[in-house]
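**Q** Predicted structure and sequence below. I'll ask about it afterward.
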Amino acid sequence: MWKSMIRYVFVASLIATLTVACTVNNVAASDTATALPKPAFDQPLASSPGQETAVIAGGCFWGIQAVFQHVKGVISATSGYSGGAKATAEYEVVSTGTTNHAESVRIVFDPSKITYGQLLQVFFSVAHDPTQLNQQYPDEGTQYRSVIFYANDEQKKIATDYIAQLDAAKVFKSKIVTQVVPLKAFYPAEGYHQNYATLHPDNPYIARFDLPKLTNLQQMFPQLYRNQ
């Protein structure tokens, strides 16, 4: 997200601006999507239904939320903030880039239907570019950094092992910069941020940067994709 509220009143005249931003950052999300191998180390599918939580960050939370809302086994995906204090978990403050918060998404999933490692496979493959430091395409600042907030030692090992696996395989042209840090708290974002991509598919920002992620998800992971 850009540093002013202008993105909330995007009009067609801003498409040219977005195009310039994409040129500056070389490519858009749809151009860098890569179908990655499964994690070599992962938790097995649970024998019975349940609920687990994953918290990740990778640029604007609108697109990350939209991707995981279309992944089978995901019960809910909520946009919010992680990494900073409760008192600064507000969009206008987070947007200053001084709070240590990252725009994040809390994913509640059924471990009998999808594993934590599979969620990370989607995260690295289509949800964002993990080689961009403190930015995602036109959005710049530490609030747009790539982060995995692990909830326990198992999540930490799966995440760190997977990053090492991908770096060793050189699946990206540059080294992965994703941080792996303990989850201290997650604060849901304001109501107008929730389900934004679903509610505003004609927004030029959503059309340019987020809807292609859903197309890539469907094409690369048809076994995990759900339309609704």
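**A** That came through fine. Residues are numbered from 1 along each chain as shown.

**Q** Go through stretch 176-193 and flag the buried ones.
**A** Of the residues in stretch 176-193, those scored as buried under the neighbour-count criterion (16 or more other Cβ atoms under 10 Å) are 176, 178, 180, 183, 186-187, 189, 193. In this view, the C-beta of every residue, glycine as well, is placed from N, C-alpha and C.

**Q** Point me to the residue sitting closest to the centre of the protein.
**A** The residue lying closest to the centre of the chain (Cα atoms, centre = their mean) is Ile64, at 3.6 Å.

**Q** bridging residues for the residue nearest to Leu119 when sequence neighbours are not counted?
**A** Take Leu119 and drop its neighbours on the chain: the residue closest to it by Cβ to Cβ, 6 or more residues apart in numbering is Ala54, 5.5 Å away. Beta-bridge pairing of Ala54 under DSSP bridges involves Ile107.

**Q** Neighbours of Ala54, how many?
**A** Applying other Cβ atoms under 10 Å, we find 23 other residues in the vicinity of Ala54.

**Q** The closest residue in space to Pro37 that isn't next to it in sequence and Thr88: what is the separation?
**A** In space, and not counting its chain neighbours, Pro37 is closest to Ala169: 7.1 Å by Cβ to Cβ, 6+ apart. Distance from Ala169 to Thr88, counting by Cβ to Cβ, to the nearest Å: 38 Å.

**Q** go on, Arg145?
**A** If you measure Arg145 against Thr88 using Cβ to Cβ, the figure is 16 Å.

**Q** hang on, Thr34 is in a helix, isn't it?
**A** No: if the criterion is DSSP: H, G, I helix; E, B strand; the rest coil, then Thr34 is coil and not within a helix.

**Q** tell me, how many neighbours does it end up with?
**A** That count, for Thr34 with other Cβ under 10 Å as the rule, works out to 13.

**Q** What segments of this protein are strands?
**A** Secondary structure of the chain by DSSP state E: the strands cover 52-58, 74-82, 102-109, 135-136, 139-140, 146-150, 179-182, 187-188.

**Q** in this structure, what spans have low per-residue confidence?
**A** Low-confidence segments of the chain, defined by pLDDT under 70: 1-32.

**Q** Please report the residue range of the longest helix in it.
**A** Scanning the chain for the longest helix, with DSSP state H as the assignment, gives helix 153-169.

**Q** Pull out the buried positions in it.
**A** The neighbour-count check on helix 153-169 (16+ other Cβ under 10 Å) flags 155, 158-159, 162-163, 165-166 as buried.

**Q** ok and that helix relative to strand 52-58, angle-wise?
**A** Inter-element angle recorded for helix 153-169 and strand 52-58: 40 degrees (by axes from the mean of the first three to the mean of the last three Cα atoms, to 10 degrees).

**Q** Can you pull out the residues in contact with helix 153-169?
**A** Outside helix 153-169, the residues within contact range by Cβ atoms under 8 Å, 6 or more residues apart in numbering are 36-37, 39-43, 54, 116-117, 120-121, 124, 148, 150, 172, 175-176, 178, 180, 182.
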